[in-house]
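J.: model this:
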Amino acid sequence: MHTRIKEYIESHGERFLSELFDLIRIPSVSAQPARRDDVLKAAEYVRARLEEIGAETELLPTDGFPLVYGKIEVSATAPTVVVYGHYDVQPAEPFELWQTPPFEPVLRDGKIYARGANDDKGQMYMQIKAVETLVRLGALPCNVKFLIEGEEEIGSASLDAAIKKYADRYAGDVMLISDTSIIHLNTPSLTVSLRGLAYVEVELTGPCRDLHSGHYGGAVENPCNVLCSMIHSLRDENYRITIPGFYDDVYELTAEERAKLAERPFDRTEYLRNLDMADTRGESGYSILEQASIRPSLDVNGIWGGYTGEGSKTVLPSKASAKISMRLVPHQRHDDIAEKFKKHFEAIAPPSMKVKTTTHHGGNPFMTPTDSTGYRAAAAALKECLGKEPIPTREGGSIPILALFNEVLNMPIVLMGFGYDTDGIHGPNEHYGLDNFFRGIESIAMFYHKYAELSKA
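T.: Numbering: from 1, shown residues only. Below is the predicted model of the structure:
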């Protein structure tokens with residue numbers, strides 16, 4: 001079967017890429033209202049491709065963008081795999097930092113360069129083409145359901161209600177997701193945990209209007225200065241977060257778990273070279289890999305206030321604002337952390353400042369067991385296709401809706417991603433390796449056979 005799968009992918013690879021490129025050309029940026037029609041166009045494109053491979057399809061309405069539903073049933077007794085992915089993408093701005101237009105995919109150095117090439121159009125489309133491969137070969141051993149959403153990049157705001165509404169449609173035995181990374185095709189891995197996310201926006205207001213900095217500077221506190229000081233105080237000299245109670249529920253890995261994580265190949269020199277930095281700085285007592293995966297973090301994602309145009313303007317601003325994200329680890333809860341942040345931030349503000357804190361989207365951390373049938377099937381598929389037993393890894397990113405899937409759909413989740421950490425997702429010049437795309441299709445197709453076999457055991 002493995003040989004037949006590889007032959008089909010090789011014969012149809014050019015078409016697979018052409019279809020993916022057509023999808024990438026649709027600028028489905030869910031965060032931008034002006035792109036609404038494009039997001040809907042992407043949903044219809046995905047639905048049509050599922051219909052072409054024999055799926056029963058529908059666009060399921062939500063309070064936001066629709067879910068693309070697809071179903072292929074081979075047998076009432078066969079196990080059912082639920083495939084999750086998303087057709088929306090991050091904004092591509094600033095456009096001037098792209099070497100080529102972000103929504104016109106190009107091949108360069110064996111990679112696809114475009115917004116969505118990896119996250120998640122390239123990886124989601126692997127799932128569709130893997131199922132196509134098995135359908136055309138008459139060798140699909142599992143029932144398949146597709147759950148492809150259009151709001152992942154804005155926190156899946158409508159998905160909670162939608163999943164509860166459509167839970168019966170998405171009943172299954174295992175959920176398969178390609179929206180994570182792999183260490184390397186030569187060093188395969190499977191993600192077993194992801195960090196959660198609490199995202200807030202803060203605004204400080206000092207004087208009732210912008211003031212002349214000569215007339216008032218030194219006497220009236222500047223909201224920009226105060227905001228910087230307050231943010232700086234949120235971490236101590238060891239880079240531990242100072243919000244009271246922040247670490248109360250943090251899951252501390254055992255020595256054995258930390259040793260397993262350390263098996264992941266890591267070249268510090270190469271890591272710094274890719275970032276064009278001389279050094280890094282993170283929580284004391286933890287390695288770079290641990291700081292970016294098993295430990296919580298707090299980062300400013302944007303900060304503004306006062307005059308930022310060309311030339312000079314001697315102004316003492318009335319307001320200063322920042323967007324702050326906190327990555328969370330098991331067993332922290334995003335709503336609890338957002339509330340603790342709010343109370344602490346208001347408490348440390350000087351009397352001269354009014355504080356407004358707005359909580360944006362969030363999601364809880366996620367862990368998946370390594371002894372489930374789904375995980376073992378994915379490990380077996382990767383070993384057969386890539387030649388090595390995969391390493392279980394813990395990632396620093398977030399897929400906020402995984403905890404919801406666990407709660408409502410109540411099935412094991414397998415995170416079988418093929419992107420590299422260096423693929424530049426969310427930034428300019430995002431890219432995805434051709435080998436990753438095609439080997440991903442191959443490995444996912446093999447997953448279905450391994451899963452069907454193990455389900456019978």
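
J.: going forward, measure contacts between C-alpha atoms and count neighbours the same way
T.: Fine.

J.: Provide the contact partners of the strand or helix carrying F16 at residue level.
T.: F16 is part of helix 2-24 when elements are defined by DSSP states H and E. With Cα atoms under 8 Å, 6 or more residues apart in numbering as the test, helix 2-24 has contacts from 42, 45-46, 103-105, 114-117, 121-122, 125, 129, 133-134, 137, 438, 441-442, 445-446.

J.: That helix: how far from the chain's middle?
T.: Chain-centre distance of helix 2-24: 25 Å, with Cα atoms, centre = their mean, to the nearest Å.

J.: how about stretch 204-213: buried residues?
T.: L204, T205, G206, P207, D210, L211, S213 (16 or more other Cα atoms under 10 Å).

J.: How about the contacts made by D248?
T.: With Cα under 8 Å, 6+ apart, D248 has no contacts at all.

J.: Quick check: it is in a helix.
T.: No: counting by DSSP: H, G, I helix; E, B strand; the rest coil, one finds D248 to be coil, located in no helix.

J.: What's the mean pLDDT across the helix or strand following the helix holding F16?
T.: Using DSSP H and E, the next helix or strand after helix 2-24 towards the C-terminus is helix 36-52. Across helix 36-52, pLDDT averages out at 98.

J.: Restricting to C-alpha, output the following helix or strand past helix 36-52 in PDB.
T.: Proceeding N to C from helix 36-52, the next assigned helix or strand is strand 56-60, under DSSP H and E. This file holds the C-alpha atoms of strand 56-60, laid out as PDB (Å, rounded to 0.1, in the frame of the first residue of the first chain):
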ATOM      1  CA  GLU A  56     -20.900  14.800   1.100                       C
ATOM      2  CA  THR A  57     -20.400  18.500   1.800                       C
ATOM      3  CA  GLU A  58     -22.000  21.500   3.300                       C
ATOM      4  CA  LEU A  59     -21.200  25.000   4.600                       C
ATOM      5  CA  LEU A  60     -22.500  24.900   8.200                       C
END
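
J.: Tell me the buried residues in the helix holding F16?
T.: In helix 2-24, counting by 16+ other Cα under 10 Å, buried: I5, K6, Y8, I9, G13, F16, L17, L20, F21, L23, I24.

J.: Could you single out the nearest of those to I288?
T.: Ranked by distance to I288 (Cα to Cα), the buried residues of helix 2-24 are led by I24 at 33.1 Å.

J.: need the strands for the stretch 351-457 of the chain, in chain order.
T.: With strands called from DSSP state E, counting those that start in this stretch, the stretch 351-457 of the chain shows them at 354-363, 366-367, 391-395, 413-415, 431-433.

J.: Redo those as JSON lines? Include mean pLDDT.
T.: Output for the strands of the stretch 351-457 of the chain, formatted as JSON lines (pLDDT from 0 to 100):
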{"stretch": "strand 354-363", "mean pLDDT": "93"}
{"stretch": "strand 366-367", "mean pLDDT": "90"}
{"stretch": "strand 391-395", "mean pLDDT": "92"}
{"stretch": "strand 413-415", "mean pLDDT": "97"}
{"stretch": "strand 431-433", "mean pLDDT": "98"}
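
J.: These into a markdown table, with extra columns for distance to R281 and mean neighbour count?
T.: Formatted as a markdown table, the entries for those read as follows, by distance: least, Cα to Cα, whole Å; neighbours: other Cα atoms under 10 Å:
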| stretch | distance to R281 | mean neighbour count |
| --- | --- | --- |
| strand 354-363 | 25 | 18 |
| strand 366-367 | 25 | 20 |
| strand 391-395 | 18 | 20 |
| strand 413-415 | 29 | 25 |
| strand 431-433 | 27 | 26 |
